[in-house]
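Q: my questions are about this predicted structure, shown below with the sequence.
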2 protein chains.
Amino acid sequence: MSWQMARRAERLNPSTIREILKLTEKPGIVSLAGGLPAADAFPIAAMAEATARVLHGSGREALQYAASEGYAPLREWIAARLCAQGLDADPARILVTTGSQQGLDLVGKVMIDAGSRVAVESPTYLGALQAFNAYEPDFVAVEGDADGPRPEALAAAAGARFLYLLPNFQNPSGRCLSEARRRALAAAAAEAGLPIVEDNPYGELWYETPPPAPVAAHAGENALYLGSFSKVLAPGLRLGWMLAPRVLFPKLLQAKQAADLHTPGFNQRIVHEVVKDGFLDEHVPTIRARYRRHRDAMRAALEHHLPAGCRWEVPAGGMFFWIELPAGLDATALLPAAVAAGVAYVPGAPFFADTPRANTLRLSFVTVPPEEIERGVALLGGVLKAAA
Amino acid sequence: MSWQMARRAERLNPSTIREILKLTEKPGIVSLAGGLPAADAFPIAAMAEATARVLHGSGREALQYAASEGYAPLREWIAARLCAQGLDADPARILVTTGSQQGLDLVGKVMIDAGSRVAVESPTYLGALQAFNAYEPDFVAVEGDADGPRPEALAAAAGARFLYLLPNFQNPSGRCLSEARRRALAAAAAEAGLPIVEDNPYGELWYETPPPAPVAAHAGENALYLGSFSKVLAPGLRLGWMLAPRVLFPKLLQAKQAADLHTPGFNQRIVHEVVKDGFLDEHVPTIRARYRRHRDAMRAALEHHLPAGCRWEVPAGGMFFWIELPAGLDATALLPAAVAAGVAYVPGAPFFADTPRANTLRLSFVTVPPEEIERGVALLGGVLKAAA
């Protein structure tokens, strides 16, 4: 056999998280590792009704090849919703994607040459690092503080193809940027000639007050903005979208067409049928209420069970607590002991494009019910106390 | 604004076919251009029943994140079907993709460096050229005859990353390789150290006798084999798959994960529910019978209306007639006159990675009904007679 792979294949490596999730499939493990939305929040009845209506009313169109841009009424619905959030969102700038993960891949494909610099937060979303990695960039980690990347640090990233930002309840750190920081970052990025790729999978999952307007609302077409139906409806539909600068839209569209022709029209029409009359306005508050209870259960459990020296902020939304262990503890090294004790988490190391902070880990509070969270955190506390 | 695109973006260009399809949206045009399956052949009732069963029985699983490899029962079903066709198809080698177009993209991503040689037929499938183009290869067109690429010509392509082959009722040429040619190509490719990427979207659409076994049946893991549900069920589901060599599978899987995490589990489960009890064995013959009538209508119309000097082979399957006009006629230059007369086709030129043959065009016989085919071909004949 003579298969010779591309150089980039060296950078396509098994996801650490994926490998960890395999460990956690053992029965009896309390998995605080995965980022799976709670499946009993999926609107199955609404989906079933919408699917029946789509197949009955426009089955041929839903099952036929369709436009690479996406289903026009869905693009219009997304644009209207973004306009209500303060964005200048012409439907002609909306590209429907096969999950927002595909949006990240298309951004990488159109923007990154081998050796291009790409600026990222530290830590940042692992799936974005994976998507961009296929295009062989050099990552530049932007210095930050508790309110996210520091605007003064952007000058050092000037010349990068873009700055990748996840301002709302970031995966993995859970932190949400203040409005002042958003404005300052938009201004500093413009100053540094640094375009922004803003990713917002979690913005609807706020538990006290909605997050500030997107950075993109202050950045005009210096920002590309990504969103998803995965966290507000269901991830198994693989439906996301991007609001792209006009200067990039044609190339992103062509990259999309080359990648999978179009996102399933069947799924796009079903989701449009579900959301078009305001369903999310009723449905999302039920998800928020559920996840807030989960978050509060995890907060209480952490306060009760984690040993002194562990630190965390309470996330105001999203799906994750980000824990800093006492210096000297290594979350990757401790994972086998935790799994043996019956609890799984994700070590923080893979989320860093620069030097990993070994004493960090991510806990998801959305997948398992509150009583399991309590049990899992208690087990984790035991492991950490034994190691300290 | 400071957006700087990757070098590869220069090679992402609007699809000629896409631009032509826009022209044909004018009311009253008989479009023989598009390759859209006949929508009244879509099994809408079976899809509706299957969707209801999936959402009722396993809605949470169908709507949740899922494995990047694909839904295990669907992978097993695909593998069993391939084994029945003479392939050594372990389900562990099946990767479910978002249409087989995504399979082509993943192959490009894992196999092609900028400047890599990729061997293709001449003409070949335009969508494959687009998918591969994003990874900046140099295409090598393999010399062929009426039975496809000539085995003796493969030596000249030695060192290419792979040979892309579409042996069954090729888009655009309609030709189907003989069994002898398939065996000879598999042997010559092995001899030349040239791996094969075999694409089979149309193999089930045969109108007299089934095509010979795939080239991959003679090539072992020197071949990667792509397939799709688009032509036997419906393209709007975006569901395809590949049978990958073991040595490539892990990297293809990681590329898939980075590209869209996974193909919608909802769609995979619905399709599995539709096909698992033999539905295709009843359904596909109805598509064959329908398309055979269309093909025969186009054959009769071509014989009646096209001027002397035009040449074509009658395709034994698939969706397309490939017409050679008299030397000196340019199908691209004639298109505006044809559209003005009320008929559209796709010029052959974009299907060539090497020097295009300007006097070629592609006609699809599956989208419009037989009486429209007759009318469209009559209009085309008038345009060609006027130009000759």
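A: Ah, there it is. Predicted, not measured: the structure shown is a model, and the values here were computed from it. Numbering: from 1, shown residues only, chains lettered A, B, ... in the order given.
Q: quick check: end-to-end length of stretch A:3-18?
A: 26 Å (C-alpha to C-alpha, to the nearest Å).
Q: ok, stretch A:103-117 next?
A: When the termini of stretch A:103-117 are compared using C-alpha to C-alpha, they are 19 Å apart.
Q: for stretch A:134-152, same thing?
A: End-to-end for stretch A:134-152, by C-alpha to C-alpha: 29 Å.
Q: would you say A:M298 is within a helix?
A: Yes: according to DSSP: H, G, I helix; E, B strand; the rest coil, A:M298 belongs to a helix.
Q: got the contact list for the spatially closest residue to it that is not a sequence neighbour?
A: Nearest residue to A:M298, sequence neighbours excluded (C-beta to C-beta, 6 or more residues apart in numbering or on different chains): A:F365, at 4.2 Å. No exception for glycine: its C-beta is placed from N, CA and C like everyone else's. A:F365 sits next to A:L32, A:Y291, A:H294, A:R295, A:A297, A:M298, A:M319, A:F320, A:F321, A:I373 when contact means C-beta atoms under 8 Å, 6 or more residues apart in numbering or on different chains.
Q: just the strands in the stretch 251-388 of chain A please.
A: With strands called from DSSP state E, counting those that start in this stretch, the stretch 251-388 of chain A shows them at A:320-324, A:343-344, A:346-347, A:360-364.
Q: for the stretch 201-350 of chain A, what lies in contact range of chain B?
A: Contact residues, the stretch 201-350 of chain A versus chain B (C-beta under 8 Å from any C-beta of the partner chain): A:221-222, A:230, A:233-238, A:245, A:247-248, A:250-251, A:254-255, A:257-267.
Q: and the residues you listed, which of them are in helices?
A: A:P250, A:K251, A:Q254, A:A255, A:Q257, A:A258, A:A259, A:D260, A:G265, A:F266, A:N267 (DSSP state H).
Q: and the gap between the closest residue to the first one other than its chain neighbours and A:Q257?
A: Closest residue to A:P250 apart from its sequence neighbours, by C-beta to C-beta, 6+ apart: B:P14 at 7.2 Å. Using C-beta to C-beta, to the nearest Å, we find B:P14 at a distance of 9 Å from A:Q257.
Q: between the two, which has more neighbouring residues?
A: The residue with more neighbours, out of B:P14 and A:Q257, is A:Q257; 21 against 13, by other C-beta atoms under 10 Å in any protein chain shown.
Q: does the more buried one touch B:R18 like I think?
A: Yes: contact status for A:Q257 versus B:R18: in contact at 7.2 Å, counting by C-beta atoms under 8 Å.
Q: can I get the strands of the stretch 251-388 of chain A in JSON lines including mean neighbour count, distance to A:R53 and mean pLDDT?
A: Shown next, in JSON lines, are these (neighbours: other C-beta atoms under 10 Å in any protein chain shown; distance: least, C-beta to C-beta, whole Å; pLDDT from 0 to 100):
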{"stretch": "strand A:320-324", "mean neighbour count": "22", "distance to A:R53": "36", "mean pLDDT": "98"}
{"stretch": "strand A:343-344", "mean neighbour count": "26", "distance to A:R53": "41", "mean pLDDT": "94"}
{"stretch": "strand A:346-347", "mean neighbour count": "26", "distance to A:R53": "39", "mean pLDDT": "94"}
{"stretch": "strand A:360-364", "mean neighbour count": "26", "distance to A:R53": "34", "mean pLDDT": "98"}
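Q: could I get those as a markdown table with distance to A:Q64?
A: Putting the strands of the stretch 251-388 of chain A into a markdown table (distance: least, C-beta to C-beta, whole Å) gives the following:
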| stretch | distance to A:Q64 |
| --- | --- |
| strand A:320-324 | 40 |
| strand A:343-344 | 43 |
| strand A:346-347 | 41 |
| strand A:360-364 | 39 |
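Q: the stretch 51-200 of chain A against chain B: which residues are in contact?
A: A:51-52, A:55-56, A:59-66, A:68, A:97-99, A:101-102, A:105, A:109-114, A:116, A:127, A:130-131, A:133-135, A:161-162, A:193-195.
Q: quick one: which of the residues you listed sit in helices?
A: When these are checked against helices (DSSP H), the matches are A:51-52, A:55-56, A:59-63, A:99, A:101-102, A:105, A:109-111, A:127, A:130-131, A:133.
Q: where do the contact lists of A:Q257 and B:R18 overlap?
A: Common neighbours of A:Q257 and B:R18 (C-beta under 8 Å, 6+ apart) are A:S68.
Q: how about low-confidence regions in chain A?
A: Within chain A, the segments meeting pLDDT under 70 span A:1, A:17, A:21, A:23-25.
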